[in-house]
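**Q** 3D, please:
(2 chains)
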2 protein chains.
Amino acid sequence: MYKSEQLAHSLKVLIENGTWKAHEKLPSLRQQVEQSGLSLITVMNAYQELEAQGLIYSKEKSGYFVVEQTSQHNLPVHVVNETIEINSVVFKYLKSIQSENIIPLGSAFPNSQLLYSAKLIQSLGQLAKQRRSYEQTPSLPPGNYQLRKTIAQKYAMQGIPTDPSDIVMTSGGLDALNLSLQALTHAGDYILLQETMFYGAWQAAERLGLKVITIPEHAEHGIDLEAFEQAILKYPIKVCMMMLNSQNPIGFTVSDEIKLKLAKLLHTHQIYLIEDDVYEELYYGQKKPLPMKYFDQQNWVLHCSSFSKTLGAGFRIGWVYAGKFSEHIQHTQLMSTLSVNSFIQNALVEYLSHRHYEKHLKTLRSTLQRYKKQYFNYLKAHLPAQCHVNYYPSGYFLWIELPARVNSNDVYHQMLEKGVSITPSNLFNITNQQNNFIRINCSFELNETFIQALNHLITIIEAALKD
Amino acid sequence: MYKSEQLAHSLKVLIENGTWKAHEKLPSLRQQVEQSGLSLITVMNAYQELEAQGLIYSKEKSGYFVVEQTSQHNLPVHVVNETIEINSVVFKYLKSIQSENIIPLGSAFPNSQLLYSAKLIQSLGQLAKQRRSYEQTPSLPPGNYQLRKTIAQKYAMQGIPTDPSDIVMTSGGLDALNLSLQALTHAGDYILLQETMFYGAWQAAERLGLKVITIPEHAEHGIDLEAFEQAILKYPIKVCMMMLNSQNPIGFTVSDEIKLKLAKLLHTHQIYLIEDDVYEELYYGQKKPLPMKYFDQQNWVLHCSSFSKTLGAGFRIGWVYAGKFSEHIQHTQLMSTLSVNSFIQNALVEYLSHRHYEKHLKTLRSTLQRYKKQYFNYLKAHLPAQCHVNYYPSGYFLWIELPARVNSNDVYHQMLEKGVSITPSNLFNITNQQNNFIRINCSFELNETFIQALNHLITIIEAALKD
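**A** This next block holds a predicted model:
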């Protein structure tokens, strides 16, 4: 055993037998060096090992503290660093499925033929011919006032009082998430993520050098409030990043009841939530699901969304409901991309000022619902019985559980050889190694080509089960 | 005196009397703690103080080393942190001049009426009407292949062999600079900047937590190679960021001879240069000035440029000649804004495939030259004789030296009251407190309105001289 392991072990015993109590401060690195006669590096390694094991946590400039010991959940800290390299994995994956010849069941984007509405293209065509659409100095942060006003009105219609100054336009939804996280954290801070989640959240954490705590999904409610509460009691979590409506990749939408409880917990414990709500418009029911922002009384929620899933990702237009953080986020934006494309912002103002967008969304929703049902029925009928296809009434993804012995990453590689992409679960489950799920994009009409693609999937899974 | 100051002082004496030699490693923090009996914090403070004084430098994971003592230049390290807050200063400044009613002598952007060529607008109008312009999954990094190919050909025409895969499209020039710097550095690294420089470089350094060394401008050559060599010998500089053609704000263009020497130094000392060349097309002479990339044999130069100063900043389209760093930069991009607006990229491909761009540039250059000469002549004739107006044959800025006792920040505030913006030198000289320069944008026709704006400037400076 290395010296650092010996020290970590003896400290662990002291924590577990109650010598060091919950939230008590451990001796500083320097005190520990003096007491133990070990080197600073050795002591640091021991403390880092205990932190990785979820026994202690660090606070900037204050030192290390004992984590509250509970037996219900195991919530280790995932220190995101170069050894995890989520970004490399995602990069390789996206490159592998990029070719136009690949049938895009693995795509994150909806079928572009359903987006880019004819009326919007008409607006763009009209505006594009006119010099005045361009002849402005680029719109500095927070972006086009009229567009922010229109977005503010959409929030108001959901019962969320909003001023245009609350909104900051961004270069797509990922930019909104990144800017928000950057505004609220410093390197070394703890954040909380859903265990199965859009890889962008992990990439952002990696980029900013944050420590990540994850909570598992709740089978019924989506969010496990008990695990959540335990995590925030155990760790000094500053920010959560979550998707609560049509969650990517799983698909669930959290109920208003759970959202309200979550909002109360955020408020009580003074924790920020960055809400990724880019699928907010793709519900199949009568009523648009409420964002967490609705339940937020005191600006603990930053709500991020975009037009990428409804009008087209190529536009790169998103926003964050930043509230009191508006100026801070604009500062950060000014240091990175400076501003958001002004021509497209102008075109959106024109397009959104009519009822075109609502009509477009109505058609989009019903088409996605019809397609997704087709995929669900086909897969339900033809996949081996041991597979479980989750169906949720929103969005355009199906999240399929394969039998535990089928490795979804193998399925992805075999599908690629057949010219079809799918998304394996290791892109969403960064830490728990749950390797037997896949995500399928159902936004394409289930014609012969796509039936054949699904048949490849069925054959490959059947073969894997026989191995 | 604090204990840390006492320690810093005694170490300083040991360095200056030669006990500790140049590039020798100082005792580690831990060793120093043991030797001195002082606390870790005290020792760290002392070391940081010595670093700030330019007496020692740090290397990641290796410790602190003695800086070579020379008497020619004083090149202190500027540790960029929250106390400098360049970004806040820039933010306030940009907000203050944003209104459309302010006469934009302080604008960084060329007069938009000279950009957005009619042919490009025609292309955009045509493309905007067609669904296929949008119906692609968003172009992932490195961006539109055809556009990168066109840009590669432009490099090739200057004698720089370039493959489309060397180019990464970015959301404007600032994004290119940021991505390049992020790819080449880690927090705590040393970089070298020009003393008087576009504030974006300082903002990027601030954002990434880098230590900045600056070298003063050379009155004749622009770049002071002697100061440069001294700086790289003294400090473990990893990356330089410089503007060598139509430098913003001063306006000089460095000669080929100096560029060649600089390239050799980069090569010999294995230092990267991020070249900000966004004004490359705005030369008045017969021949486009060569970028540093031309003199670079081994990929030490990353060349950043954009269409913002020639076609319009609202498009947010830039690029970096990334060479072997292409993949690394794409990774970083994938974590931030994901990709660059694909519609505008498509429109540029169409526009650039004809000779339209060359014709547009020719008109743009001659107009800018004519306007700038008008401003220069007017100011030369009417400004107090103690003012010195620098004229360089490129771009659209005049850099004006006021008498030392006139504070350009006061001039800026007084001009704002008259409804006119100018840019004071404290936005470019972050560290040396040179407060008696202003930058004037000359890309607007010198009509009655702008003559009146210049008259305000003249009156305000005259009054300041009488105070």
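**Q** What count of nearby residues applies to the nearest residue to A:Leu225 once chain neighbours are set aside?
**A** Excluding its sequence neighbours, the residue lying closest to A:Leu225 (CB to CB, 6 or more residues apart in numbering or on different chains) is A:Lys261, at 5.7 Å. All C-beta atoms are positioned from the backbone trio N, CA, C, and that covers glycine. A:Lys261 has 18 neighbours, counted by other CB atoms under 10 Å in any protein chain shown.
**Q** Can you mark which positions in the host helix or strand of A:Lys261 are buried?
**A** According to DSSP states H and E, A:Lys261 maps onto helix A:256-269. Buried residues in helix A:256-269, defined by neighbour count with 16 or more other CB atoms under 10 Å in any protein chain shown: A:258-259, A:261-263, A:265-267.
**Q** Could you confirm whether the longest helix anywhere in chain A reaches chain B?
**A** For chain A, the helix with the greatest residue count under DSSP state H is helix A:356-382. No. Helix A:356-382 lies out of reach of chain B by CB under 8 Å from any CB of the partner chain, never closer than 13.7 Å.
**Q** which bits of the stretch 201-350 of chain A sit near chain B?
**A** Residues of the stretch 201-350 of chain A lying near chain B (CB under 8 Å from any CB): A:203-204, A:206-207, A:308, A:312-316, A:330-332, A:334-344.
**Q** what about 10 Å?
**A** Counting by CB under 10 Å from any CB of the partner chain, the stretch 201-350 of chain A comes close to chain B at A:202-204, A:206-209, A:308, A:311-318, A:327, A:330-347.
**Q** Now restrict those residues to buried residues only.
**A** Buried, going by 16+ other CB under 10 Å: A:202-204, A:206-208, A:308, A:311-318, A:327, A:330-347, out of these.
**Q** Okay, now the unreliable bits of chain A?
**A** A:1, A:70-85, A:135-139, A:337-339, A:432 (pLDDT under 70).
**Q** Spatially nearest residue to the residue most central in space within it (excluding sequence neighbours)?
**A** Among the residues of chain A, the one closest to the centroid is A:Phe198, at 4.0 Å (CA atoms, centre = their mean). Once flanking residues are discounted, A:Phe198 sits nearest to A:Asn248: 4.7 Å by CB to CB, 6+ apart.
**Q** For that neighbour, the count of nearby residues, please.
**A** Residues near A:Asn248, counting by other CB under 10 Å, number 25.
**Q** Just the ones of the buried ones among the residues of the stretch 201-350 of chain A next to chain B in strands?
**A** Counting by DSSP state E, the part of these found in strands is A:Gly318.
**Q** Filter the buried ones among the residues of the stretch 201-350 of chain A next to chain B down to the ones in helices?
**A** Counting by DSSP H, these place A:202-204, A:206-208, A:327, A:330-335, A:342-347 in helices.
**Q** can I assume A:Lys238 sits in a helix?
**A** No. Read with DSSP: H, G, I helix; E, B strand; the rest coil, A:Lys238 is strand and lies in no helix.
**Q** Now it: closest residue in space that isn't a chain neighbour?
**A** Using CB to CB, 6+ apart and skipping residues adjacent in sequence, the residue nearest A:Lys238 is A:Asp189, 4.9 Å away.
**Q** Likewise for A:Phe307?
**A** Computed as CB to CB, 6+ apart, the closest residue to A:Phe307 that is not its neighbour in sequence is A:Ile317, at 5.1 Å.
**Q** list the contacts for that neighbour?
**A** Contact analysis of A:Ile317 by CB atoms under 10 Å, 6 or more residues apart in numbering or on different chains lists A:143-144, A:147, A:169-173, A:175, A:306-308, A:311, A:340-341, A:344-345, A:347-348, B:341.
**Q** One more pass at 8 Å, please.
**A** Residues in contact with A:Ile317 (CB atoms under 8 Å, 6 or more residues apart in numbering or on different chains) are A:169-172, A:306-308, A:340-341, A:344-345, A:348.
**Q** can I see the domain layout of chain A?
**A** Per the TED database, the structural domains of chain A span A:3-66, A:79-84+A:133-355.
**Q** Just give me how far the longest one sits from the chain centre.
**A** The gap between the average C-alpha position of domain A:79-84+A:133-355 and the chain average comes to 9 Å, counting by CA atoms, centre = their mean, to the nearest Å.
**Q** for the shortest one, same thing?
**A** Taking CA atoms, centre = their mean, one finds the center of domain A:3-66 at 33 Å from the center of the full chain.
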